[in-house]
Structure formats: C-alpha cells, structure tokens
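Enquirer: Sequence first, predicted model second:
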Amino acid sequence: MKFVIAIGGNAVNRPGEKPTAENMMKNLKETMEYLIDIIKDHSVVITHGNGPQVGNLLLQQEAARDIVPPFPIDVNDAQTQGSLGYMICQTLYNSLIEKNVKKEIAAVVTQIVVDPEDPAFQNPTKPIGPFYSEEEAKRIMEEKKWAMVEDAGRGWRRVVPSPIPVDIIEKDVIRFLVDNGFIVIAAGGGGIPVIRLKDGTLKGVEAVIDKDRASSLLARELDADMFIILTGVEKVYLNFNKSDQIPLDKLTVGDAERYLKEGHFPPGSMGPKIESAIDFVKKTGKQCLITDMRKLKQALEGKTGTRIVPEV
C-alpha cells in the first residue's frame with residue numbers, strides 16, 4: 001500500500017523545549033521509531049511542518065539584518081526543507097539499519113504552485129517571525145510595505161498570505177521515486193510557494209502554505225491508498241478540551257463538513273486538518289486517518305484514531 005504521512009510539529013520540537021539541533025534529532029529519532037513498522041512493509045512519503053524552524057530563522061536574520069541581508073520567505077522555506085529533510089533522512093536511515101531493513105531514502109526540495117489571484121493575497125492572516133513594538137511595526141510597515149497586526153498583547157507581528165496549493169512542480173519526480181521503492185520526504189512546511197508566470201517560468205512568493213493542505217494535494221497526486229495526519233491528539237473531538245468533549249472514531253465527509261461549519265474545528269488547530277482530510281476523501285473515495293504518532297500502530301489496526309470516510 002501507498003501512504004502519505006504528514007508529521008506534526010511535535011515530531012521535531014516538543015513544547016517548552018529549546019529548539020536545538022540535538023533536541024530536534026532526538027525527537028525525530030523517536031518519531032521514526034513509531035513510523036518504522038509501516039515504512040518496512042509499505043510505500044511511504046513523509047511530509048512535515050517547518051513553522052517553528054522558519055520562525056527561528058527569521059529571528060536570527062532579524063538580529064543580524066545590519067550585517068547580512070535577510071532572505072525572503074520562499075528561500076527560508078527552502079533552507080528549512082533542506083535541513084529538516086536531512087535530519088529526517090538520517091534518523092530514518094539509522095532506524096532502518098537498527099531494524100536490518102534495506103530501503104533507499106530521498107528528500108526532495110518541493111515547490112508548490114499557488115494562484116496569484118487567490119483571495120488570501122488580499123487578506124494575509126498567517127503570523128510569522130519576531131514580535132515588534134507598535135513603533136517598530138509602524139516603521140517597518142512604512143519601509144517594507146509589510147502587513148502587520150497586534151498579536152494577543154504580545155506585540156506586533158508580520159502576517160503573510162496562506163493560499164491554497166494547486167500544483168506540485170516535483171510531483172513526477174516524487175512519483176518516480178516512490179514507484180521505484182524509495183521512501184520520500186517531500187512538501188516540507190507546505191512546500192515552497194511559487195507562482196507560474198505567463199511565460200511558464202516560476203517565481204517564489206511571500207506566503208505560507210498550510211502543511212496539511214499541501215500533503216492532501218500530494219496524496220491525491222500520488223494516488224495514495226490512505227492519507228495519514230499525525231498530530232498531538234489520539235482522536236478528533238467535538239467540544240475539544242471541554243467537560244463534554246466527545247471523541248470521534250469515524251466521521252463521514254458529510255458529518256465532518258457539518259461539524260466544521262458548526263465551529264468544532266478551529267482554523268488555528270484542527271480546522272485545516274479536517275479540511276485537508278475532506279478534500280482527500282471526497283476526491284479519491286479513500287480514507288484519511290488522524291491520530292497521535294504514538295498511537296499510529298493501534299490506529300492502523302482500527303483500535304483508535306479518527307477515520308474520515310466517504311459517504312455510504
């Protein structure tokens with residue numbers, strides 16, 4: 001079987017933990033231990049987030065802006081795709097050696113096309129980078145023409161568009177590798193956002209693509225048998241974190257759409273995951289599984305997790 005597995009931020013950095021390379025490698029080694037059983041016996045593409053890593057890179061560049069000019073977001077996306085791809089490749093390679101499993105691994109720096117007419121470009125909402133005082137923010141907005149907002153009393157931050165992914169430039173390369181037995185790491189951080197110009201050439205844009213939406217698109221393009229989203233909870237819940245929360249074992253697409261409209265899945269957390277799951281299931285007729293990485297084995301056996309399934 002062919003799986004696209006989207007690993008969440010907790011697979012790389014734990015809450016409250018220093019974002020050192022040592023901690024990231026340690027966490028990814030643990031993550032690979034949870035994935036190794038499925039990787040041994042199936043075709044697997046791993047996608048991953050990069051929000052904290054890009055944020056830290058932006059902080060470093062801001063601190064050194066008078067010495068080295070900061071890079072645009074698309075270049076920073078590429079840098080973190082490369083560094084995280086390396087870390088995932090190495091920790092997975094070592095785990096396979098320990099299990100005496102022979103498989104080749106490749107990380108693909110992935111460009112994902114967005115529509116320049118996407119409404120998101122007129123309404124940037126995704127906060128990135130460091131916090132600024134109101135005075136600094138006003139200066140930067142005037143100087144760099146950035147959109148900035150006050151962020152919950154913590155200061156002002158830049159906000160960028162989060163457009164919908166529409167195509168994957170390296171999809172044929174990824175498909176070739178998967179079909180020839182490679183484990184592939186791709187579409188890191190939602191991919192590098194690019195637009196296609198009138199002459200067919202590509203240009204990077206200042207935007208952030210949601211990792212789960214990009215992963216859903218990749219799963220559809222590869223005709224995956226299942227799309228798996230690993231996150232910080234064992235199951236999807238209604239009324240999450242409330243006294244009357246209800247765990248969900250299975251959701252039809254219709255129920256998922258209804259609960260989404262009712263506000264059970266907030267835009268900043270479970271919402272994009274459910275939207276991405278709905279998109280995959282509606283367009284393929286297959287299933288999406290959402291669970292905690294520590295419960296992946298049991299979830300694949302049908303003992304836990306939440307499955308989004310087609311309408312009967």
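Expert: Looks like it came in fine. Note that this is a predicted model, so its numbers are computed, not measured. Residues are numbered from 1 along each chain as shown.
Enquirer: residues of the least confident helix or strand in the chain by mean pLDDT that come out buried?
Expert: Here the helix or strand of the chain ranked lowest by mean pLDDT, DSSP states H and E is strand 126-132, holding a mean of 80. Residues Lys126, Pro127, Ile128, Gly129, Pro130, Tyr132 are the ones in strand 126-132 that count as buried (16 or more other CB atoms under 10 Å). (Glycine included, C-beta is placed from N, CA and C.)
Enquirer: Partner strands of that strand and their direction?
Expert: When pairing is defined by DSSP bridges, strand 126-132 lines up against strand 156-160 (antiparallel).
Enquirer: in the stretch 101-250 of the chain, which spans are strands?
Expert: Under the criterion DSSP state E, counting those that start in this stretch, strands of the stretch 101-250 of the chain are mapped to 105-107, 111-114, 126-132, 147-150, 156-160, 165-168, 183-185, 192-196, 202-204, 226-231, 236-238, 246-248, 250-252.
Enquirer: Need the contact partners of the fifth one.
Expert: Outside of strand 156-160, the residues within contact range by CB atoms under 8 Å, 6 or more residues apart in numbering are 73, 124-134, 136-137, 140, 146-151, 206-208.
Enquirer: what angle sits between it and strand 192-196?
Expert: 50 degrees (axes from the mean of the first three to the mean of the last three CA atoms, to 10 degrees).
Enquirer: And the buried ones among the contacts of strand 156-160, selectable in PyMOL?
Expert: Applying 16+ other CB under 10 Å to those, the buried members can be selected in PyMOL as follows:
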select buried, resi 73+124+126+127+128+129+130+132+137+146+148+206+207+208
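Enquirer: any idea how far the residue nearest the centre of the chain is from Gly191?
Expert: Nearest to the geometric centre of the chain sits Lys211, at 2.5 Å (CA atoms, centre = their mean). Distance, Lys211 to Gly191, by CB to CB, to the nearest Å: 9 Å.
Enquirer: again with Met24
Expert: In this view, Met24 and Gly191 are 20 Å apart by CB to CB.
Enquirer: And the two? Which one has more around it.
Expert: Neighbours per residue (other CB atoms under 10 Å) separate Met24 from Gly191, with Gly191 holding more: 33 against 23.
Enquirer: ok, now which ones touch the more buried one?
Expert: With contact set as CB under 8 Å, 6+ apart, Gly191 has these partners: Asp77, Thr110, Gln111, Ile112, Pro165, Ile168, Ile209, Ala214.
Enquirer: okay, now the second one: neighbour count?
Expert: Right, the one you point to is Thr110. 27.
Enquirer: That one touches Ala187, doesn't it?
Expert: Yes - using CB atoms under 8 Å, Thr110 makes contact with Ala187 at a distance of 4.7 Å.
Enquirer: can you list residues touching both of these two?
Expert: Taking CB under 8 Å, 6+ apart as the criterion, Thr110 and Ala187 both touch Ile168.
Enquirer: residues in contact with stretch 270-286?
Expert: Counting by CB under 8 Å, 6+ apart, 210, 212-213, 215-217, 219-220, 223-227, 229, 231, 236, 240, 253, 256-257, 259-260, 264-265, 287-288, 290, 308-310 sit against stretch 270-286.
Enquirer: Turn the buried ones among these into a named PyMOL selection, would you?
Expert: Here is the PyMOL command that selects the buried residues among those (16+ other CB under 10 Å):
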select buried, resi 210+212+213+215+216+217+219+220+224+226+227+229+231+236+240+253+256+259+260+264+265+287+288+290+308+309
